[in-house]
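> What follows is a protein structure lacking sequence information:
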Ligand SMILES: C[S@@+](CC[C@H](N)C(=O)[O-])C[C@H]1O[C@@H](n2cnc3c(N)ncnc32)[C@H](O)[C@@H]1O
């Protein structure tokens, strides 16, 4: 099964959870994105994998024209409802797959993609598409879950993410992101790596992770090497994870 089908099934069932998720609608994170991007009113913006629209809605308060795409109808339904309730009228929401966007080259001043790249079945193709629709000099902003550099953390934390959500494909570590980005027409820009902690059981509830999979996740955490465990403290109330934040201009 293509991962797109799994994404549509999993997010379709849990769309309203994402609308009210404090992780996705975190005011501090969204303000930080605005500060880094410094959007101008005349900028044309694309929000890739908009989900329930938190990112698009934030950007629409600074720019006149926002387009927001996603492959899950139920997520877009929540996004439209949320933007209507916020009095936002300058976002065009559409069903589209990032791997094959029906958008002309060099269209946008800003392309953003928050907390979604780990679901893309072909990350290279998705990144190439995002760069293609970006104007020369335009800004690409990506925020996604990530893992500490190293074979063990890259393997084990992707197993954990897949147990939590079967539509997970891969969370790339900074060293893997650096390789991926090197192949694209982008300037050096910024790649930031942040430690975050997710409250439990809320993190599991978002995707309604089954109890047997929650137990397996704790089994993996308990058996990590001492070196990796140091980066990933956890208890029954929280789990540690990491995020990568990328800001680059197209050359
Ligand atoms: C966690 S949500 C995104 C959250 C959102 N960007 C935000 O800032 O709140 C992940 C989204 O990625 C979308 N998605 C996954 N694969 C996709 C693809 N190939 N093309 C477009 N959207 C995709 C899912 O449908 C889902 O709505």
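Thanks, I have it. Computed from a prediction, not measured in an experiment: that's the story for all the values here.

> show me the contacts for residue 158.
By Cβ atoms under 8 Å, 6 or more residues apart in numbering, the contact set of residue 158 is 147, 168, 170, 171. The C-beta positions use only the backbone N, C-alpha and C, and glycine is treated the same way.

> Cross-check the contact I'm expecting between the first one and residue 240.
No - counting by Cβ atoms under 8 Å, no contact exists between residue 147 and residue 240, whose distance comes to 10.9 Å.

> quick one: which of these two has more around it?
Under the neighbour definition other Cβ atoms under 10 Å, residue 147 and residue 240 were set side by side, and residue 147 has more, 28 against 17.

> List the buried residues in stretch 133-142.
By neighbour count with 16 or more other Cβ atoms under 10 Å, stretch 133-142 contains the buried residues 133, 134, 135, 138, 139, 140, 141, 142.

> from the residues you listed, which ones fall inside helices?
residue 133 (DSSP state H).

> For the buried residues of stretch 133-142, which two are the farthest from each other?
The largest separation in those, counting by Cβ to Cβ, is between 135 and 142 at 17.1 Å.

> related to what we said a few turns ago, for the contacts of residue 158, pick the one with the most neighbours.
Counting neighbours by other Cβ under 10 Å, residue 147 comes out on top of the contacts of residue 158 with 28 neighbours.

> Contact partners for the nearest residue to that residue once chain neighbours are set aside?
In this structure, residue 147 finds its nearest non-sequential neighbour in residue 157, 4.2 Å apart by Cβ to Cβ, 6 or more residues apart in numbering. Residues in contact with residue 157, defined by Cβ under 8 Å, 6+ apart, are 147, 148, 171, 232, 241.

> What's the separation between the first one and residue 67?
It refers to residue 147. 31 Å (Cβ to Cβ, to the nearest Å).

> The ligand contacts on the stretch 101-250 of the chain?
By Cβ under 6 Å from any ligand atom, the part of the stretch 101-250 of the chain that sits against the ligand consists of 114, 115, 116, 119, 120.
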